[in-house]
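A.B. asks: No sequence on hand, only this structure:
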């Protein structure tokens, strides 16, 4: 029979990069994560290994075979099972003392207040195209004074943006009001990654179809998202280290061995962003005209 669980022993190898007092602080923190898919699931497991003591997690979906290439909870044994239940079990297998509140219907206007109750940090794990839920959640975080982090899995890298209550809001940065879904997708993508480091090595453009809510993804990007998110979460929750907040952000692309910091005053209203959006729309029209992206 193995040893009984002991928090101090389980997370003792964190000590050195954090102090014992800081580890005890992390143990008292509660993080909300909406979405338990490609990034959300690995966010939960990574933050659980960081020693965070409590989570609110939300997802309405079940695991499917198409999730196998990137989602932490996607296994033969989990096919057809609710993602929120599978990931909760995996996190509790890391730390059986975790306090996990599960929201099996996902996040909506009806449960956002409950989902964010007692939260120290929100981590975005929603599907790229979940614009209504994402906008509502970031707006609720701002009202409640909760910092919010989104790390996008792009190509084989990640782009990071952080929104704090006293800083620029999600809506001010992305400017999604009044847009149709395709325009929202373009603005969200370019807002996340003004440098678009991932653009140059897309091998098969026909796999990208915004109108069908379809695009390729990699486990490399999801794992990188979790690493940078855990680091930013640590800094925010412990109140130490420099945190870049919107309209500042950064993108790292492992395939291109590139790292850039971004600064877009005005968000998508910035002249550089407006030019980028115009080019993106033009490229999308060209792809549609040639039939690329229809498959």
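C.D. replies: Yep, it's here. Computed from a prediction, not measured in an experiment: that's the story for all the values here.

A.B. asks: all contacts plus neighbour counts: C-alpha atoms, from now on.
C.D. replies: OK.

A.B. asks: Thought residue 217 was touching residue 207, still the case?
C.D. replies: No - at 10.1 Å, residue 207 and residue 217 do not qualify as touching, with contact defined as Cα atoms under 8 Å.

A.B. asks: what bridges to residue 158?
C.D. replies: residue 153, residue 252 (DSSP bridges).

A.B. asks: Enumerate every residue touching it.
C.D. replies: 151-152, 221-222, 224-225, 251-253 (Cα atoms under 8 Å, 6 or more residues apart in numbering).

A.B. asks: residue ranges of the helices in the stretch 101-250 of the chain, please?
C.D. replies: Counting by DSSP state H, counting those that start in this stretch, one finds helices in the stretch 101-250 of the chain at the ranges 112-115, 131-144, 170-174, 181-192, 219-238.

A.B. asks: Let me know which of those helices is the nearest to residue 156.
C.D. replies: Across the helices of the stretch 101-250 of the chain, residue 156 has its closest neighbour in helix 219-238 (4.6 Å, Cα to Cα).

A.B. asks: what helices or strands is the closest one leaning on?
C.D. replies: Counting contacts by 3 or more Cα pairs under 8 Å, 6 or more residues apart in numbering; DSSP states H and E, helix 219-238 packs against helix 20-27, helix 40-50, strand 121-124, strand 148-154, strand 157-163.

A.B. asks: For these, could you give me JSON lines that also reports mean pLDDT?
C.D. replies: As requested, the helices and strands packed on helix 219-238 are exported to JSON lines (pLDDT from 0 to 100):
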{"stretch": "helix 20-27", "mean pLDDT": "98"}
{"stretch": "helix 40-50", "mean pLDDT": "98"}
{"stretch": "strand 121-124", "mean pLDDT": "98"}
{"stretch": "strand 148-154", "mean pLDDT": "97"}
{"stretch": "strand 157-163", "mean pLDDT": "98"}
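
A.B. asks: among these, which is nearest residue 93?
C.D. replies: helix 40-50 (9.9 Å).

A.B. asks: what separates the closest one from the chain centre, distance-wise?
C.D. replies: Remark: helix 40-50 is offset 11 Å from the chain centroid, using Cα atoms, centre = their mean, to the nearest Å.

A.B. asks: Quick one: name whatever helix or strand follows that helix.
C.D. replies: Using DSSP states H and E, the helix or strand that follows helix 40-50 towards the C-terminus is strand 54-58.

A.B. asks: packing partners for that following strand?
C.D. replies: Going by 3+ Cα pairs under 8 Å, 6+ apart, strand 54-58 lies up against strand 30-34, strand 99-103.

A.B. asks: which parts of the helix or strand that it is followed by are buried?
C.D. replies: The element immediately downstream of strand 54-58 (helix or strand, assigned by DSSP H and E) is helix 83-94. For helix 83-94, the buried set under the neighbour-count rule, 16 or more other Cα atoms under 10 Å, comprises 83-88, 90-91, 94.

A.B. asks: With stretch 197-208 instead?
C.D. replies: Neighbour counts using 16+ other Cα under 10 Å place 197-198, 206, 208 of stretch 197-208 among the buried residues.

A.B. asks: Which pair of those spans the longest distance?
C.D. replies: 197 and 206 (19.1 Å).

A.B. asks: Out of the helices of the stretch 101-250 of the chain, the one nearest residue 272 is which?
C.D. replies: Across those, closest to residue 272 is helix 181-192 (Cα to Cα), at 10.6 Å.

A.B. asks: Distance from the chain centre to the closest one, please.
C.D. replies: 15 Å.

A.B. asks: what angle separates it from helix 131-144?
C.D. replies: 50 degrees (axes from the mean of the first three to the mean of the last three Cα atoms, to 10 degrees).

A.B. asks: And the contacts of helix 181-192?
C.D. replies: 129, 131, 152, 159-161, 173-176, 196, 210-211, 267-268, 273, 276-277, 280-281.

A.B. asks: Any of the residues you listed buried? List them.
C.D. replies: Using 16+ other Cα under 10 Å, the buried ones in these are 129, 131, 152, 159-161, 173-176, 196, 210, 267-268, 273, 276-277, 280.
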